[in-house]
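Asker: Model the structure of this input:
(4 chains)
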Number of protein chains: 2
Amino acid sequence: MHVFRMALGEHPSPRWREAFPEAALQYPPFAEGPAEPVQVCWISSGLDGWPALVSGQAGRSRVVVHSRRPSDEEAITAFEAGAHGYCHCLANVALLRAVNSTVISGGLWVSPGVMGRMIRTLRRSLPSDPGRPPIGFERLSAREREVALAVTTGASNKDIALELGMTERTVKMHLGSIFRKLEVRDRVHLVLHLAQPGFAPDPGS
Amino acid sequence: MHVFRMALGEHPSPRWREAFPEAALQYPPFAEGPAEPVQVCWISSGLDGWPALVSGQAGRSRVVVHSRRPSDEEAITAFEAGAHGYCHCLANVALLRAVNSTVISGGLWVSPGVMGRMIRTLRRSLPSDPGRPPIGFERLSAREREVALAVTTGASNKDIALELGMTERTVKMHLGSIFRKLEVRDRVHLVLHLAQPGFAPDPGS
DNA sequence: ATTCACCCTGTACTTCGGTACAGGTTTCGG
DNA sequence: CCGAAACCTGTACCGAAGTACAGGGTGAAT
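Answerer: Predicted coordinates for the structure are as follows:
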């Protein structure tokens, strides 16, 4: 392992020291100047205002947040702030190193546990089956689906006609069929009917 | 890089071959017997029934799903099936290797883009965060907000006039201000702008 | 061979949405 | 006191949206 610099949010745990014996440390407040680039910045979620610290560093280096008591909310906050990794501060040496190399490679480190809970939360939050066509969508013909999806992007009939290579008249015809099949009365209701989170199929275009 | 075995869901792309020249390949249907352990199993989402394939392999090795057309839904499905990674099948050599080593280390590979969208979706669905007001919403006056929200329910101008006790003319006036302030051109765009899941502030009524 | 679903287009029409003028009141802060 | 912003209304106009007739064509299934 080569020598590298790391910025720590607080004093490293013995394990962390053991994992990265050659790391050069820096402590906050981090200098704003043209200091040597920091490859990875480990920040503890025990610090006050750590999300701000994370987003402040995120532009200049990869950030890993380590927590004494990991939680899903904290993980989400971390990644939202621009962190590339989130792990338990008492992770073993191998894991710490794995996190580090993953993050250096440009990846995100998420533990399977956190990921699993996030996935489950997503599953629950998505209406019934995520990414599933809304009621009645399957009854639309291929062309009708294209028109319907175009409407959900805010396109006017003229836009759609141009985009799909048909006349405005034909767009209206398709829309009429769509309204009838999906039992909506106008394009706004169509948008409300189709615009469900997680539903964003491209019809091949 | 040491020699290792990989099980592929279909024939590897040249890039993939370049990234892992020493990989020993296996193709599905994967033998159930006591074959030599596979370290990483790359499975394409182009295969029929790939989620089942993933969950079948997940117990015996790490699985990375590579997709020709990545999407959030597919990513979620992949991780739900037990995958440890999800990436574009045309990812460059360095990325493929990074994914591989991350996954071997026990981590999950998620691209920042997918992660970002997942985070945003989670944010919206978390009970603690009832949805942030969309951009510009705070610039609307109280009455304008009522009108705007009514539009997002699919109400016509006449409906809104009745509901809020004003003339259709006044509704149009408010809508004009709303369009200008939120920089949208019509009610469909307004709906698309405002209709974020989880966003349902009561304007006091 | 006929039916059916799908795809495309035209003319004509009504309704709705949106804007451009016009006018008014109230409230609130400089 | 005055300006600014919010709130409300009217007439008029234009274009978009949507519907109702009309007519084409294909291809697959019965």
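
Asker: Break down chain A into its helices, ranges please.
Answerer: A:14-19, A:50-58, A:72-80, A:93-104, A:112-125, A:142-152, A:157-164, A:168-182, A:187-194 (DSSP state H).

Asker: worst average pLDDT in those helices?
Answerer: Within the helices of chain A, the stretch with the lowest mean pLDDT is helix A:112-125, showing a mean of 62.

Asker: could you redo the helices of chain A as JSON lines and give each row distance to chain B and mean neighbour count?
Answerer: Backbone N, C-alpha and C define where each C-beta goes, glycine included. Listed next are the helices of chain A as JSON lines, based on distance: least, Cβ to the nearest Cβ, whole Å; neighbours: other Cβ atoms under 10 Å in any protein chain shown:
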{"stretch": "helix A:14-19", "distance to chain B": "13", "mean neighbour count": "15"}
{"stretch": "helix A:50-58", "distance to chain B": "11", "mean neighbour count": "19"}
{"stretch": "helix A:72-80", "distance to chain B": "5", "mean neighbour count": "20"}
{"stretch": "helix A:93-104", "distance to chain B": "3", "mean neighbour count": "20"}
{"stretch": "helix A:112-125", "distance to chain B": "3", "mean neighbour count": "17"}
{"stretch": "helix A:142-152", "distance to chain B": "8", "mean neighbour count": "20"}
{"stretch": "helix A:157-164", "distance to chain B": "11", "mean neighbour count": "16"}
{"stretch": "helix A:168-182", "distance to chain B": "13", "mean neighbour count": "16"}
{"stretch": "helix A:187-194", "distance to chain B": "5", "mean neighbour count": "20"}
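
Asker: so which of the ones you listed comes closest to residue B:172?
Answerer: Relative to residue B:172, the nearest member of the helices of chain A by Cβ to Cβ is helix A:187-194, separated by 15.4 Å.

Asker: what packs against that closest one?
Answerer: If contacts are counted by 3 or more Cβ pairs under 8 Å, 6 or more residues apart in numbering or on different chains; DSSP states H and E, helix A:187-194 sits against helix A:142-152, helix A:168-182, helix B:187-194.

Asker: can you tell which of those helices is closest to DNA strand D?
Answerer: Among the helices and strands packed on helix A:187-194, the nearest to DNA strand D by Cβ to the nearest atom of the strand is helix A:168-182 (3.6 Å).

Asker: got the CA coordinates for that closest one in PDB?
Answerer: The C-alpha trace of helix A:168-182 is given here as PDB (Å, rounded to 0.1, in the frame of the first residue of the first chain):
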ATOM      1  CA  GLU A 168     -51.300  16.900 -34.700                       C
ATOM      2  CA  ARG A 169     -54.600  15.400 -35.700                       C
ATOM      3  CA  THR A 170     -53.200  11.900 -35.200                       C
ATOM      4  CA  VAL A 171     -51.800  12.900 -31.800                       C
ATOM      5  CA  LYS A 172     -55.300  14.000 -30.800                       C
ATOM      6  CA  MET A 173     -56.700  10.700 -32.000                       C
ATOM      7  CA  HIS A 174     -54.300   8.700 -30.000                       C
ATOM      8  CA  LEU A 175     -54.900  10.900 -27.000                       C
ATOM      9  CA  GLY A 176     -58.600  10.300 -27.300                       C
ATOM     10  CA  SER A 177     -58.100   6.500 -27.200                       C
ATOM     11  CA  ILE A 178     -55.700   7.000 -24.300                       C
ATOM     12  CA  PHE A 179     -58.200   9.000 -22.300                       C
ATOM     13  CA  ARG A 180     -60.900   6.500 -23.000                       C
ATOM     14  CA  LYS A 181     -58.800   3.500 -22.100                       C
ATOM     15  CA  LEU A 182     -57.300   5.000 -18.900                       C
END
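
Asker: Identify the residues contacting that helix?
Answerer: Residues outside helix A:168-182 that contact it (Cβ atoms under 8 Å, 6 or more residues apart in numbering or on different chains) are A:135-137, A:139-141, A:143-144, A:147-148, A:151, A:157-158, A:160-161, A:164, A:184-187, A:190, A:193.

Asker: can you put the helices and strands packed on helix A:187-194 in a markdown table and add distance to residue A:94?
Answerer: Output for the helices and strands packed on helix A:187-194, formatted as a markdown table (distance: least, Cβ to Cβ, whole Å):
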| stretch | distance to residue A:94 |
| --- | --- |
| helix A:142-152 | 47 |
| helix A:168-182 | 54 |
| helix B:187-194 | 47 |
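
Asker: Now do the contacts for residue A:115.
Answerer: Residue A:115 is in contact with B:79, B:108, B:110, counting by Cβ under 8 Å, 6+ apart.

Asker: let's go with 6 Å and repeat that
Answerer: B:79, B:108 (Cβ atoms under 6 Å, 6 or more residues apart in numbering or on different chains).

Asker: Next, find the distance separating it from DNA strand C.
Answerer: With distances taken as Cβ to the nearest atom of the strand, to the nearest Å, residue A:115 is found 40 Å from DNA strand C.

Asker: again, but for residue A:158
Answerer: According to Cβ to the nearest atom of the strand, residue A:158 and DNA strand C sit 12 Å apart.

Asker: check contacts around that residue.
Answerer: Contacts of residue A:158 (Cβ under 6 Å, 6+ apart): residue A:168.

Asker: And for residue A:187?
Answerer: Here residue A:187 is in contact with residue A:151 (Cβ under 6 Å, 6+ apart).

Asker: if I look at it, how far off is DNA strand C?
Answerer: For residue A:187 relative to DNA strand C (Cβ to the nearest atom of the strand), the value is 9 Å.

Asker: what does residue A:63 give?
Answerer: To DNA strand C, residue A:63 is 43 Å away according to Cβ to the nearest atom of the strand.

Asker: Number of residues surrounding that residue?
Answerer: Using other Cβ atoms under 10 Å in any protein chain shown, residue A:63 has 28 other residues around it.

Asker: Repeat that for the one 4 residues further on.
Answerer: Residue A:67 has 19 neighbouring residues, counting by other Cβ under 10 Å.

Asker: Provide the partner residues of it in its beta bridges.
Answerer: residue A:88 (DSSP bridges).

Asker: How about the residues of chain A by DNA strand C?
Answerer: A:141, A:142, A:143, A:144, A:164, A:165, A:166, A:167, A:169, A:170, A:173, A:174 (Cβ under 7 Å from any atom of the strand).
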